[in-house]
Structure formats: C-alpha cells, structure tokens
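Enquirer: Requesting a structural model of the entry that follows:
(one chain, ligands or ions: 2)
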Amino acid sequence: MTKNKSVIKWIEEMKKIVNPKNVVWIDGSEAQLEQLRKEACESGELIKLNEEKLPNCYLRRTNPNDVARAENRTYICTPTKEEAGPTNNWWDPEFAYDKVLGIAKNSYENKTMYVIPYSMGMTESKFSKIGVELTDSIYTVLNMAIMTRVGQKIWDSLGDSNNWVRGLHCSCDLDEDNRYVCHFPQDNTIISVNSCYGGNVLLGKKCFALRIASYMGERENWMAEHMLILGVKRPNEETKYICAAFPSACGKTNLAMLIPPEYYKKKGYKVWCVGDDIAWLRIGKDGRLWAVNPENGFFGVAPGTSKKSNPNALATVQKNTIFTNVVQNLDDNTVWWEGLDGDAPENAIDWLGNKWNGKTAETKGAHPNSRFTAPSTNCPCLSPEFNNPEGVPISAIIFGGRRAHTTPLVYESFDWAHGVFCGSAVSSESTAASTGKVGVLSHNPMAMKPFCGYNMGKYFAHWIKMGNLLGEKAPKIFNVNWFRTNGEGKFIWPGFGDNLRVLDWILDRCENKKEAHKTALGFMPTEDDINLEGTKVSKEELTNLLSIDKDLWEKETADLESYYEQFGKDLPVEISENLKYLKLRIKEML
Ligand code: OXD
Ligand code: MN
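Expert: Ligands and ions are numbered 1, 2, ... in the order given. Have a look, this model is predicted:
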C-alpha cells in the first residue's frame, strides 16, 4: 500500500461518492489474483476453461449492449471546446464532473472498490507513467493485471509524487444511455461509467496511454501514438525497428507478429514484436526517435485469428488468457471463434449465452469484436528488447488504412512534413471494433481520430514540430495499403506474412539501398523492386497494386480539402501546402 497523500486523499473523495462496502488494494501477487479469479467464477462473472488444454484461461460474456468502444459517448473535457478540437466530443469539465459523478453516486453500494496501482511502461524506465484505477469489476482488475504492470512496486516508484493519472470506473447498471467515458487532461483524470467493455474500462489503454498521454506529449515534446512496433532482422544486419499506425482491425496485431514467408525465412529473416497497439515515442540522446510499448499484454480481436493468419497470436492465447464474447465449446470446455482453424463446434454456447450449433447456426457464434487478453510474455516472437527501458530506435514510420481502390500498395513520402500530411490524410473502411456501421469510409488521421486527447489540428502541428526537432535523424515515413481489391472484389495482395516483402523495400529505402521513382504521391517501387518469389502475385497484379488512378485521386484530394476545413486556423500550413502540391502533381498526371 501507499502513504502517498494525493493518492489517499483522492481515494477518500471517491469513496464518499461511490460508497463501497469495502476496499481491496491490488498488490499484483498471484495469490490475490487467483483469489479474485475464484470469486469471479463463483459469481458467474467468469467461466473457467479446460485447465489441461487452456491453463489459467477464462471466458467472459459481456452484456450484449456493451461489446465495443463507445466513441460517440467518449468526451474530452477541457475548459474550452477549442482545446478538444473539431474531431472530439467535448464537455465543459464542471458539467462533465457533475454528470458522471452524479451517475457514479452510490454505484459501489454493497460492492468492493478495487484499487489498482499500475504503470504504463516499465517502472524502471523514464518513459513510464503511473496510474491508479478504481473499479468495482473483478474482470477489469484481472485484465489490467495482464495489460499493465500492477502492484506494490508501483507505489514504491511513485513515492510521494502527485504525478499520476486518476481513473474511476463504475460498472453501474450498464445503461447504454448513461454510458460515458470522460477525460479531464488538465486534471490527469478519467471517469468511465456504465460499461465493462475493455476499450472503455481498461483505463490504462486508450484512455491514458493515448488520450491523456497524447495531451502530455504535446506539452513535453514526445508522442503517444496508435502504433504497433516491430523489429525486422535481416541477414547480416542489425534488427531495424518500424512503427505503424492503422485504424482498428486493419491487421495491426497480425503485422506486429508477422511470420516471414518460407523464402525469407530460409534467407534468415525474422520479425520481432515489441507492441501491437500503442507506441510512446521520444527523441533519444542520439537524436533519433525511440519507441516503447507502454502495455504489458495484448487485447486482440479474436475472430480471424488462425494458424494461417497469425500463428504467434494463437500460441500467445494458449495460457493465462481471458477470452471475451467468444464461443464456448461444451465438449471440451475450450473456445472457438469465426475464422479459427477446425470445424465450428456443434455443442456450444454463443457469445450471447445461448445454445449454439456451429454446423446449423445462422448467426455468428463469437461477437465480431470478441477479444483475447493475453500477457506479452506469452508471445513466441516477443522482442528481446520488449523490456528495454530505453525502448528501440525507429527507422521507419508507416501509415495505412483499408482502401479498396485508391491507395497503392506502398509509397514513401518526400520528407517528414509530406509524411505528416500523408498520415493526416488516412481514411479507412470502418470495422466492428467501435460501435457504428461496418464498411463505411471515414477519415482517421494517423489512426488517432478516436484517441487524440486534444485538438487534432494542434496534433498535426505537434507532428511537424517533432520533425523539426529530429531534423536529419527523423525516420522516413511511408504509406501502405494491403487491402486493394480486383474487379471481383478480392484482395490482390496476399497480406499477412507476405507484407514482409513491402517492409523489406521500406528498409532498403531507409538504408539507401534501393532507387525509387518519383510519382504524384511519393517515391515508389517499380514492379521489379518488390520481391514476389514464392507468391502467386503476378507482375501485372503488382503493377496494378502500384498504379495511381488520376480520377480517384482528384476525388480524394477534393474530399481532403473539405475534410481539412474543420481545422480552420489550426491546420498547419505544411498540411495545406502539401495538399496544394499533391493536387498540382495529380493534375499534371497523364
Ligand atoms: C483496439 C482498437 O481495441 O483500436 O485496439 O479498437
Ligand atoms: Mn487499437
């Protein structure tokens, strides 16, 4: 426990509001966590799975109305609306506190308050930040214990400092109409009510490590980004590290855990995963950009995870994992989801808790946004640098989205500011990870639209500033699209492990090992520059993947122009100029 006065005072204040029956301090010990797992199984909150096949694994079914991030109920609460900017929901802090604390009032009655001290990043690292989450849900405690570093060592490292992020989670009665996730960046405070879905209640993740941290980063000259971090070891070279930002469910976890195709494996290529979702980036002593993954686990989408798509993720979830909203196979008390290898179980229970026969069912057994929560250390390709307190030096930054036609397989930006423009121009087809319609095209700058804790225009300016600070040592910025389709609507690029072929070109460019030709969009490879050995992709298909359609890009730039209008005077001139030059280059295309 702690004697930290600011912590004790805040917990006392929150106790007065939520009125718990008792308080349990999470010490991070296995004995305490095991006790909580038992309690959760007794109450029905968790289901214990087959201990032999899935040791220490549990299943949780959430309320059917509570299966994804509630983006339209997520607020940035700053004194002025301008600080939150045009892409965030905004509330005045006083109004927001009244509203959510009113909902939280007495909501812990007859319940336990769990106090979770946690660190985003290794406690030993200067990159790290500390948070304290109060919750009434054991599921939340157990997930936080996987996703973050939890326990007594956090109090020791916090000492008497007031520099920590307050997080209050109240399950309440899961009323959708009173569900809110509020961020008070000036107070280092997060309050989440009426949800038990991970993205809304694992307050260290999106709420702290992206929204609050991005706000901190702007003031302290660092960056909190929605990015995976991976290392590529090429034969006779040191491992090089890449960060990549994609909107939710564009295969970030798959790319982060990529297994090289046979041809590359034989040559000695290996990919290491440092993180699959969040990167904190700082300028190191050597002037380069360094990244750490502040998380300690994976909160991945289960459907589609298979031996083919992501064998490393599958290996990662074989023990010590919490599954949420997947199918329970009653024959052997294991789990299943759409896209997993093997036949669907016939004797099963679906995510809604109903009897389900995979052979005859007309509905999906697992929710499309069903999840696994698994410790990073389970991952067979976890980078040996995962726990390095300094992080890893970044050679390249990649942006991407899910675009059926417009965006080519890969292009390199002309310089940092152009790269920032490309990142700001990312748009993607929506997926089930957030509530709302699936398949609709939406703008998602740097994949941060739902996660930027302040004005997005100022966020672009922060990117430009970081580039100025990095100068010549700035990583190169690339854009990729794995999702281009042919006339029949089928993906042309095989994706998954074969994405390494594109990473290989990217690293060659970073090391000035390959020429590229200048196009309207940026520097691009020719069809001879991407190695197709061992794929079924033909040269013609690659030419198609690398083609730029003038008409589509005229539409794209017109659309971008109106998109940027909302940022008004906050849009950095570097972005508007880059759009202007892109339009000119497109116009000049034959
Ligand atoms: C996630 C998301 O859960 O981006 O990582 O939605
Ligand atoms: Mn994410």
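Enquirer: could you measure the most centrally placed residue in the chain against ligand 1, distance?
Expert: The centre of the chain sits closest to residue 277, judged by Cα atoms, centre = their mean, with a distance of 3.2 Å. Distance of residue 277 to ligand 1, given as Cβ to the nearest ligand atom, to the nearest Å: 5 Å. For every residue, glycine as well, the C-beta is placed using N, CA and C.
Enquirer: before we move on, what about residue 79?
Expert: 28 Å.
Enquirer: Check what pLDDT the residue nearest to that residue when sequence neighbours are not counted gets.
Expert: Spatial nearest neighbour of residue 79, chain neighbours left out: residue 93 (6.6 Å); criterion: Cβ to Cβ, 6 or more residues apart in numbering. Looking at residue 93, its pLDDT reads 98.
Enquirer: for residue 1, same thing?
Expert: The predicted local confidence for residue 1 is 88.
Enquirer: Over to the one 10 residues further on?
Expert: Reading off the per-residue confidence, residue 11 sits at a pLDDT of 98.
Enquirer: Just list the residues touching it, thanks.
Expert: Taking Cβ atoms under 8 Å, 6 or more residues apart in numbering, we find residue 11 in contact with 23, 115, 132, 134.
Enquirer: wait, which of the residues you listed is closest to residue 411?
Expert: residue 132 (44.0 Å; Cβ to Cβ).
Enquirer: Which parts of the stretch 351-500 of the chain are strands?
Expert: Applying DSSP state E, counting those that start in this stretch to the stretch 351-500 of the chain gives strands spanning 355-356, 371-375, 392-400, 410-412, 427-429, 441-443, 476-480.
Enquirer: What residues sit buried inside the last one?
Expert: Neighbour counts using 16 or more other Cβ atoms under 10 Å place 476, 477, 478, 479, 480 of strand 476-480 among the buried residues.
Enquirer: Could you single out the nearest of those residues to ligand 1?
Expert: The closest of the buried residues of strand 476-480 to ligand 1 turns out to be residue 480 (Cβ to the nearest ligand atom; 17.6 Å).
Enquirer: Could you report the distance from that closest one to residue 501?
Expert: 11 Å (Cβ to Cβ, to the nearest Å).
Enquirer: And for residue 46?
Expert: 42 Å.
Enquirer: Neighbour count: the two, which is higher?
Expert: residue 501 (26 against 23; other Cβ atoms under 10 Å).
Enquirer: doesn't residue 78 make contact with the residue nearest to residue 79?
Expert: Yes - under the criterion of Cβ atoms under 8 Å, residue 93 makes contact with residue 78 at 7.0 Å.
Enquirer: For the two, work out which one has more neighbours and name it.
Expert: Between residue 93 and residue 78, counted using other Cβ under 10 Å, residue 78 has the larger neighbour count: 24 against 19.
Enquirer: still on that earlier bit, what's the overlap in contacts for residue 93 and residue 78?
Expert: 184, 186.
Enquirer: re the thing from before, can you tell me which of the strands of the stretch 351-500 of the chain is nearest to residue 243?
Expert: Within the strands of the stretch 351-500 of the chain, the stretch nearest residue 243 is strand 392-400; the backing value is 5.1 Å (Cβ to Cβ).
Enquirer: mind listing what the closest one pairs with, with the direction of each?
Expert: Here strand 392-400 is paired, per DSSP bridges, with strand 240-245 (parallel), strand 289-292 (antiparallel), strand 476-480 (parallel).
Enquirer: what does the average pLDDT come to for the last one?
Expert: Read it as strand 476-480. Averaged across strand 476-480, the pLDDT comes to 98.
Enquirer: neighbouring contacts of it?
Expert: Applying Cβ under 8 Å, 6+ apart, the external contacts of strand 476-480 come out as 244, 395-400, 407, 409-413, 416, 418-420, 422-423, 426, 499, 502, 506, 509-510, 521-522.
Enquirer: same thing with the first one?
Expert: The set of residues that contact strand 240-245 without belonging to it, under Cβ under 8 Å, 6+ apart, is 225-232, 234, 252, 255, 274, 279, 281, 291, 392-400, 423, 426, 446-448, 475, 480, 503, 506-507, 510.
Enquirer: Show residues contacting the helix or strand of the chain with the lowest mean pLDDT.
Expert: Ranking every helix and strand in the chain by mean pLDDT, DSSP states H and E puts strand 427-429 at the bottom, with a mean of 86. Residues from elsewhere that reach strand 427-429 (Cβ under 8 Å, 6+ apart): 246-247, 250, 401-404, 438-444, 447, 483.
Enquirer: Quick one: distance of it to the chain centre.
Expert: Computed by Cα atoms, centre = their mean, to the nearest Å, the chain-centroid distance of strand 427-429 equals 16 Å.
Enquirer: is it anywhere near ligand 1?
Expert: No - Strand 427-429 lies out of reach of ligand 1 by Cβ under 6 Å from any ligand atom, never closer than 11.4 Å.
Enquirer: ok, that strand: who's next to it in the sheet?
Expert: Short version: by DSSP bridges, strand 427-429 pairs with strand 441-443 (antiparallel).
Enquirer: mind listing what the closest residue to residue 263 other than its chain neighbours touches?
Expert: Leaving out its chain neighbours, the residue that sits closest to residue 263 by Cβ to Cβ, 6+ apart is residue 534, at 3.9 Å. The contact partners of residue 534, by Cβ under 8 Å, 6+ apart, come to 261, 262, 263.
Enquirer: Now do the contacts for residue 520.
Expert: 548, 553, 582, 585, 586, 588, 589.
Enquirer: want to try a markdown table for these, with pLDDT as columns?
Expert: Converted to a markdown table, the contacts of residue 520 look like this (pLDDT from 0 to 100):
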| residue | pLDDT |
| --- | --- |
| 548 | 97 |
| 553 | 97 |
| 582 | 98 |
| 585 | 98 |
| 586 | 97 |
| 588 | 94 |
| 589 | 91 |
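Enquirer: Restricted to helices, list these.
Expert: Mapping these onto helices (DSSP state H) picks out 553, 582, 585, 586, 588.
Enquirer: okay, those residues in CSV with neighbour count and distance to residue 297 next?
Expert: Shown next, in CSV, are these (neighbours: other Cβ atoms under 10 Å; distance: Cβ to Cβ, whole Å):
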residue, neighbour count, distance to residue 297
553, 21, 40
582, 21, 40
585, 17, 44
586, 19, 43
588, 9, 49
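Enquirer: and of those residues, the nearest to residue 371?
Expert: Minimum distance to residue 371 across these is 36.5 Å, recorded for residue 553 (Cβ to Cβ).
Enquirer: I'd say that closest one and residue 587 touch.
Expert: No - Residue 553 is beyond contact range of residue 587, at 9.8 Å (criterion: Cβ under 8 Å).
Enquirer: Over in the stretch 51-200 of the chain, which residue gets nearest ligand 1? Let me know.
Expert: residue 199 (5.1 Å).
Enquirer: what about that residue, distance to residue 209?
Expert: In this view, residue 199 and residue 209 are 12 Å apart by Cβ to Cβ.
Enquirer: Settle it for me: which of these two has more neighbours?
Expert: Ranked by neighbour count (other Cβ under 10 Å), residue 199 and residue 209 place residue 209 first, with 30 against 24.
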